[in-house]
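generate coordinates for the sequence data below:
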Amino acid sequence: MNEIEVFVQVEEEIPELETVKKVLLGAIEKEKLKNVSFNLIIVDNEYIHELNKTYRNIDRETDVITFALEDEDSIVLPDNMRILGDIYISIDKAKEQSKEYGHSLLRELSFLAVHGFYHLLGYDHQTKEEEKIMFQKQEEVLEAYEIRREN
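Coordinates of the predicted model:
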């Protein structure tokens, strides 16, 4: 059984997260994964700025940061549950970018969450080839839920 825990560390309701969780479950299914677990953590700009500064030596906020546990030795719990890691998303940055790009907060949060999910699986976008593969996978997941830029 797959598990996604969602933690909201800001003082606001974010109804879009219910759909975002469904989209992430769809991404897990698309990748044919079984018994995986990870956390989606919603924070503010100040919190993600501190994470970015502490762990990446980048002194500014960002939209999404992932901490993949399988970068180290694989962690497998009883019942063969794989713990993938954590996805942190700045709700402040997501709102700002949804306005900047002219689409819904649902589209931005879904994109950032799926982007983070693929990072947890080891995908990256350091080269054009890697970016093409990763972004194609992301778009296929989002398209399956009809989450497009114009939404």
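
beyond the lengthiest strand in the chain, next helix or strand please.
In the chain, taking DSSP state E as the definition, the longest strand is strand 81-90. Going down the chain from strand 81-90, the next helix or strand is helix 91-101, by DSSP states H and E.

angle of the following helix or strand past that following helix against strand 81-90?
As assigned by DSSP H and E, the chain's next helix or strand after helix 91-101 is helix 105-120. Using axes from the mean of the first three to the mean of the last three Cα atoms, to 10 degrees, the inter-axis angle of helix 105-120 relative to strand 81-90 is 130 degrees.

just checking, what packs against the next helix or strand after helix 105-120?
Following helix 105-120 in sequence order, the next helix or strand is helix 128-144 (DSSP H and E). Applying 3 or more Cβ pairs under 8 Å, 6 or more residues apart in numbering; DSSP states H and E, we find helix 128-144 packed against helix 16-30, helix 105-120. Any C-beta I mention is one placed from the backbone N, CA and C, and that applies to glycine too.

ranking those helices by burial, who's on top?
Highest mean neighbour count of the helices and strands packed on helix 128-144: helix 105-120, a mean of 24 (counted as mean count of other Cβ atoms under 10 Å).

counting contacts, what elements does it pack onto?
For helix 105-120, the packing partners by 3+ Cβ pairs under 8 Å, 6+ apart are helix 16-30, strand 36-43, strand 64-68, strand 81-90, helix 91-101, helix 128-144.

list the buried residues of whatever helix or strand comes next after the second one.
Using DSSP H and E, the next helix or strand after strand 36-43 towards the C-terminus is helix 45-56. Of the residues in helix 45-56, those buried by neighbour count under the rule 16 or more other Cβ atoms under 10 Å are 45, 47-49, 51-52.
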